[in-house]
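Enquirer: Make a model of this:
(chains A and B)
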Amino acid sequence: MDDFYRELIVERYKNPVYKGELDPHDFSYEDENPLCGDHIHIDVRVDEDNKVTEAAFSGHGCAISQASADLLLESIIGKSLEEVKHFSKEDVLDLLGIELGPVRLKCALLSLKVLKAGIYGVGELDEDLV
Amino acid sequence: MGFDKEKIIRDFPILNREIKPGKRLVYLDSTATSQKPEVVIEAMNDYYRLYNANIHRGVHTLAEEATAMYEQSRVKVQKFINARSHKEIVFTRNATEAINLVAFTWGRQNLDAGDVVVLTEMEHHSNLVPWQMLAAEKNLRLEFIPVTENGELDLLELPALLNLKPKLFCFTHMSNVLGTINPAKELISNAHKAGAVVLVDGAQSVPHFAVDVVDLDADFYVFSAHKMLGPTGIGVLYGKENLLNNMPPFLGGGDMIKKVQLRTFKPNDLPHKFEAGTPAIAEAIGLGAAVDYLAAIGMDHVLAHEKELTAYGLEKIAPLEHLKIFGKDITNKGGVIAFEMDIAHPHDVAQILDMQGVAVRAGHHCAMPLHEKFHIPATTRASFYIYNTKEDIDKLVEGLQIVIDMFG
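Expert: Numbering: from 1, shown residues only, chains lettered A, B, ... in the order given. Below you'll find the predicted structure:
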């Protein structure tokens, strides 16, 4: 059990660093996982070189979805949007440091899905692209 | 055989499983599907090992044996719910298909634009979506008995709804989330006085207490085998004979016909008229074994055991910090306890419990409108059956305490 609910995940769930809203922002997107009702909204600010300067998320969901959103946003600060576009499922799992079954994988990847949909500026992102 | 707790637990092979290292399985998800006793598994194995054949038309020994066992299961089900005739027992895939069968045949034949169908806010999606589909096709008006804050049907609203002269009234005998056991006999009697035909979703009732369709006077009553110790893939539609006789067939194909010509067919007699194609033969036989098993225990014993566990569960779970039970004060409550924790999402609760070997369900339990009503996206649900014990509930409480320690 200690493996799955690592201290890092529980800590980031209870005390997220990047929780909030950014207004104004350069782009913003939100989506949900209808199966469990997890909901994530992400606001991002970028500089003139399209590098991420600030990011924040809001919403509700399980520890996995909330902690992965917090860790993901932390990891994109200072990165260019081109770099962020190349973030993969494996990158998110590396951040969490755990292995996930297919059901909980959706929780972990919701924030990446929202972030990429925001960057690409598309209404809904096919899961294959994540 | 009465209620012999030790014997019952021994009868379910899966309960011997060490589900996590050093953790025995504590199965608290019977509302989703029940576990199966050895006799049910063996009854199906026997069919495949000893007398596997297609039913009804064969004249060889195997076919005769298979047909006899399949039809005996029908009679067992008939007696179990006290139907007047085996002709009133139609085998379907599950309760969902049984409801769709009624919507597709009786509904299409008898409902027209503007007709009112009354449902309730506590229905499972299986007793909502078929009527939404039919309403969209036929332009029907759907109305709902509200659910009170307490988790019961608001019966004060019933007279006004029945004044709309509904053609059909469908409700669940027992809520799969709240555990509310609805006053079915009273509801049916009132609906009949208003001229409505009544369909009862018995998916959660038939497994857990005695149901007498004649005493209830239900027009249609549906349930699934897999929630009552039987296999998946088979369910039951009970319908009054005159209603079933006047309904058009459902699926077309073999077995549901008496005579076929190139351009026309004559449907078979009841109940075969509604059973097109080779049915789930092994599963029907498994259902028959499940009915025998439950009947031997006695449904009054089953209900008493579950009431005892529910009372014990409420007593142990309700005082836990950060936890709110839905429908805690329901007067007539079956073996279901759904709750929310303000510190942890249901998926996390369920996962942490799973690590302790405790299987519960997390989500909306196919009742999204009910969850919306209570403004919660999801709940964690523990449900009880004959093989559960007070020790199982203690394990649940221990697991919940771990959740509280971790997230609190």
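Enquirer: in chain A, which spans are helices?
Expert: With DSSP state H as the criterion, chain A has helices at A:7-14, A:63-76, A:81-85, A:89-96, A:102-120.
Enquirer: Off-centre distance for the shortest one?
Expert: Its chain's average C-alpha position is 14 Å from that of helix A:81-85, according to Cα atoms, centre = their mean, to the nearest Å.
Enquirer: same thing with the longest one?
Expert: On the basis of Cα atoms, centre = their mean, helix A:102-120 is displaced by 6 Å from the centre of the chain it belongs to.
Enquirer: The first one now?
Expert: In terms of Cα atoms, centre = their mean, the centre of helix A:7-14 is set 15 Å apart from its chain centre.
Enquirer: How about residues contacting that helix?
Expert: Outside helix A:7-14, the residues that touch it by Cβ atoms under 8 Å, 6 or more residues apart in numbering or on different chains are A:Ala63, A:Ile64, A:Gln66, A:Ala67, A:Asp70, A:Leu71, A:Leu96, A:Gly97, A:Ile98, B:Met406, B:Phe407. For every residue, glycine as well, the C-beta is placed using N, CA and C.
Enquirer: got it, and the fourth one?
Expert: Identification of contacts with helix A:89-96 by Cβ under 8 Å, 6+ apart yields A:6, A:8-9, A:64, A:67-68, A:71-72, A:75, A:99-100, A:105, A:108-109, A:111-112, A:130.
Enquirer: Please save the CA atoms from that helix in PDB.
Expert: The C-alpha trace of helix A:89-96 is given here as PDB (Å, rounded to 0.1, in the frame of the first residue of the first chain):
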ATOM      1  CA  LYS A  89       2.000   8.900 -20.500                       C
ATOM      2  CA  GLU A  90       5.300   7.500 -19.300                       C
ATOM      3  CA  ASP A  91       6.500  11.000 -18.200                       C
ATOM      4  CA  VAL A  92       3.400  11.300 -16.000                       C
ATOM      5  CA  LEU A  93       3.900   7.800 -14.600                       C
ATOM      6  CA  ASP A  94       7.500   8.700 -13.900                       C
ATOM      7  CA  LEU A  95       6.400  11.800 -12.000                       C
ATOM      8  CA  LEU A  96       4.000   9.700  -9.900                       C
END
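Enquirer: Tell me the buried residues in that helix?
Expert: By 16 or more other Cβ atoms under 10 Å in any protein chain shown, the buried positions in helix A:89-96 come out as A:Val92, A:Leu93, A:Leu95, A:Leu96.
Enquirer: Equivalent analysis for the last one, please.
Expert: By neighbour count, with 16+ other Cβ under 10 Å as the criterion, the buried positions of helix A:102-120 are A:104, A:106-119.
Enquirer: Ok, stretch B:278-292 next?
Expert: By neighbour count on 16+ other Cβ under 10 Å, the buried set for stretch B:278-292 is B:279-292.
Enquirer: returning to that earlier point: reformat the helices of chain A as JSON lines; add mean pLDDT.
Expert: Output for the helices of chain A, formatted as JSON lines (pLDDT from 0 to 100):
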{"stretch": "helix A:7-14", "mean pLDDT": "92"}
{"stretch": "helix A:63-76", "mean pLDDT": "95"}
{"stretch": "helix A:81-85", "mean pLDDT": "92"}
{"stretch": "helix A:89-96", "mean pLDDT": "93"}
{"stretch": "helix A:102-120", "mean pLDDT": "91"}
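Enquirer: Select, out of the ones you listed, the one closest to B:Phe80.
Expert: Using Cβ to Cβ as the measure, helix A:102-120 is the one of the helices of chain A that comes nearest B:Phe80, at 35.7 Å.
Enquirer: Mind telling me which residue of chain A is nearest chain B?
Expert: In chain A, the residue that lies nearest chain B is A:Gly37 (2.6 Å; Cβ to the nearest Cβ).
Enquirer: how about that residue, what does it touch?
Expert: By Cβ under 8 Å, 6+ apart, A:Gly37 lies in contact with A:His60, A:Gly61, B:His364, B:Pro377, B:Ala378.
Enquirer: Just the buried ones from the residues you listed, in ChimeraX syntax?
Expert: One line in ChimeraX is enough to select the buried ones among the contacts of A:Gly37; burial here means 16+ other Cβ under 10 Å:
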select /A:61 /B:364,377,378
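Enquirer: Out of the contacts of A:Gly37, the closest to B:Leu155 would be?
Expert: Looking across the contacts of A:Gly37 and measuring by Cβ to Cβ, the closest to B:Leu155 is B:His364, at 25.0 Å.
Enquirer: host element of the nearest residue to the closest one once chain neighbours are set aside?
Expert: Leaving aside its chain neighbours, B:His364 sits nearest to B:His371 (4.9 Å; criterion: Cβ to Cβ, 6 or more residues apart in numbering or on different chains). For B:His371, the host element (DSSP states H and E) is helix B:368-373.
Enquirer: Can you give me the distance of the closest residue to chain A within the stretch 151-300 of chain B to A:Ala108?
Expert: Nearest to chain A, among the residues of the stretch 151-300 of chain B, is B:Val177, at 14.5 Å (Cβ to the nearest Cβ). With distances taken as Cβ to Cβ, to the nearest Å, B:Val177 is found 27 Å from A:Ala108.
Enquirer: One more: B:Leu28?
Expert: B:Leu28 sits 26 Å away from A:Ala108, going by Cβ to Cβ.
Enquirer: Likewise for B:Asn388?
Expert: With Cβ to Cβ as the criterion, B:Asn388 and A:Ala108 are 33 Å apart.
Enquirer: thinking again about what came up before, adding distance to B:Val349, write the buried residues of helix A:89-96 out as CSV.
Expert: What follows is those, written out as CSV (distance: Cβ to Cβ, whole Å):
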residue, distance to B:Val349
A:Val92, 23
A:Leu93, 22
A:Leu95, 23
A:Leu96, 19
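Enquirer: hmm, back to that, centre of the chain to the helix holding B:His371, how far?
Expert: 19 Å.
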